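K.L.:
what follows is a protein structure lacking sequence information:
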């Protein structure tokens, strides 16, 4: 259903010389119809920017986005607007996603009215959606401030489904919710996905949510995808050092600016934090390559048959020997 090829997004700021930030750097992947692909990485890795670029809410700098055989990056605004009902996004913060001056019913009805539906059809569809997401008809005339965060997120999901999309980008849909409410929203998303045969891109920094929601996962680090594979393969036998670090729960989200400046010529984005780094990492960019059922971007890919448990290595209990590495 969706194919992304060499997608890049570079932000610039300041006067000459301008600062260039590669938020998304040469990302490629695909999503099959009915599949849920997870995008996982720490804060600032480019996950949300990637999701917004795919829907062209942010214009990509380069690359191609092909949706059901149509290249979205080649469409003008008019042609893109004809396709937008098929693709919708669920944002992180439901409170900022809803207009505080509009009732819940008005927010859900807005896309239906923009597509020319008559009053009775709009009213009927809004009530149908309200019930499907677990709200009651009495919520239709309430404002966002009168509802809880979980109820508002249900309204956001209802609005996203209003035009019967086939593809959903869910950008950390439970990040701003209480833990007690998160499970309810996740179960709702899974139920709606099955009911409407939706295809989904699920973005999160939480590996447990990815494991619960997704069929495959792509691990992103500083704008680059470093590993992709089926959920069971990634969680059972992670190959890339960063994936192993995430799963070992030892990832450090703090960025050491002084150290980054020392490695400006580094071609591997994970070089500074990697325990397996070597000279080749400074001179040659690692490309995604296939090893059994996974794709991994690393010059030093561990053979599964001799792989040392990543929890032990990153806890510092044992070392990594040279015969465990393959170029």
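P.N.:
Yes, it's here. Keep in mind it's a predicted model, so treat the numbers as computed, not measured. Numbering: from 1, shown residues only.

K.L.:
ok, then the element right after whichever helix or strand residue 122 is part of?
P.N.:
Under the criterion of DSSP states H and E, residue 122 resides in helix 119-132. Toward the C-terminus, helix 119-132 is succeeded by helix 149-161 as the next helix or strand (DSSP H and E).

K.L.:
outside of the next helix or strand along the chain from that next one, which residues touch it?
P.N.:
Next helix or strand after helix 149-161 toward the C-terminus (DSSP H and E): strand 167-171. Outside strand 167-171, the residues that touch it by Cβ atoms under 8 Å, 6 or more residues apart in numbering are 1-2, 47-48, 51-52, 54-55, 67, 86-92, 160, 189, 193, 198-203. The way it works is simple: take the backbone N, C-alpha and C, and place the C-beta from them, glycine included.

K.L.:
so which bits of stretch 92-110 are buried?
P.N.:
92, 93, 94, 97, 98, 103, 104, 105, 106, 107, 108, 109 (16 or more other Cβ atoms under 10 Å).

K.L.:
ok, now which ones touch the fifth one?
P.N.:
Okay, so that is residue 98. 104, 107, 144, 152, 155, 156.

K.L.:
can you put these in JSON lines and add pLDDT and distance to residue 60?
P.N.:
Formatted as JSON lines, the contacts of residue 98 follow (pLDDT from 0 to 100; distance: Cβ to Cβ, whole Å):
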{"residue": "104", "pLDDT": "94", "distance to residue 60": "33"}
{"residue": "107", "pLDDT": "93", "distance to residue 60": "28"}
{"residue": "144", "pLDDT": "92", "distance to residue 60": "31"}
{"residue": "152", "pLDDT": "92", "distance to residue 60": "30"}
{"residue": "155", "pLDDT": "93", "distance to residue 60": "30"}
{"residue": "156", "pLDDT": "93", "distance to residue 60": "25"}
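
K.L.:
what is the nearest of these to residue 36?
P.N.:
residue 156 (18.4 Å; Cβ to Cβ).

K.L.:
at which residues are the helices of this protein located?
P.N.:
Listed in chain order, the helices of the chain (DSSP state H) span 47-54, 77-83, 94-97, 104-114, 119-132, 149-161, 179-196, 207-213, 231-236, 241-247, 257-262, 280-283, 310-314.

K.L.:
what's the burial count for residue 12?
P.N.:
9 (other Cβ atoms under 10 Å).

K.L.:
for the closest residue in space to it that isn't next to it in sequence, the count of nearby residues, please.
P.N.:
Of all residues not flanking residue 12 in the chain, residue 18 sits nearest, at 4.7 Å (Cβ to Cβ, 6 or more residues apart in numbering). Burial of residue 18 is recorded as 9 neighbouring residues (other Cβ under 10 Å).

K.L.:
the one 3 residues further on now?
P.N.:
Here the count is done by other Cβ under 10 Å, and residue 21 has 12 residues near it.

K.L.:
that one is in contact with residue 14, isn't it?
P.N.:
No - look at residue 21 against residue 14 with Cβ atoms under 8 Å: they stay out of range, at 10.8 Å.

K.L.:
which residue is nearest the middle of the chain?
P.N.:
For the chain, residue 203 is the residue whose C-alpha lies nearest the centre (Cα atoms, centre = their mean; 2.7 Å).

K.L.:
and the pLDDT at that residue?
P.N.:
Note on residue 203: pLDDT of 94.

K.L.:
residues in contact with it?
P.N.:
With Cβ under 8 Å, 6+ apart, residue 203 has these contacts: 38, 39, 40, 47, 48, 50, 51, 169, 170, 171, 172.

K.L.:
can you put the helices of the chain in JSON lines and add distance to residue 272?
P.N.:
JSON lines is the format used below for the helices of the chain (distance: least, Cβ to Cβ, whole Å):
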{"stretch": "helix 47-54", "distance to residue 272": "20"}
{"stretch": "helix 77-83", "distance to residue 272": "39"}
{"stretch": "helix 94-97", "distance to residue 272": "34"}
{"stretch": "helix 104-114", "distance to residue 272": "44"}
{"stretch": "helix 119-132", "distance to residue 272": "47"}
{"stretch": "helix 149-161", "distance to residue 272": "37"}
{"stretch": "helix 179-196", "distance to residue 272": "33"}
{"stretch": "helix 207-213", "distance to residue 272": "22"}
{"stretch": "helix 231-236", "distance to residue 272": "23"}
{"stretch": "helix 241-247", "distance to residue 272": "11"}
{"stretch": "helix 257-262", "distance to residue 272": "6"}
{"stretch": "helix 280-283", "distance to residue 272": "10"}
{"stretch": "helix 310-314", "distance to residue 272": "15"}
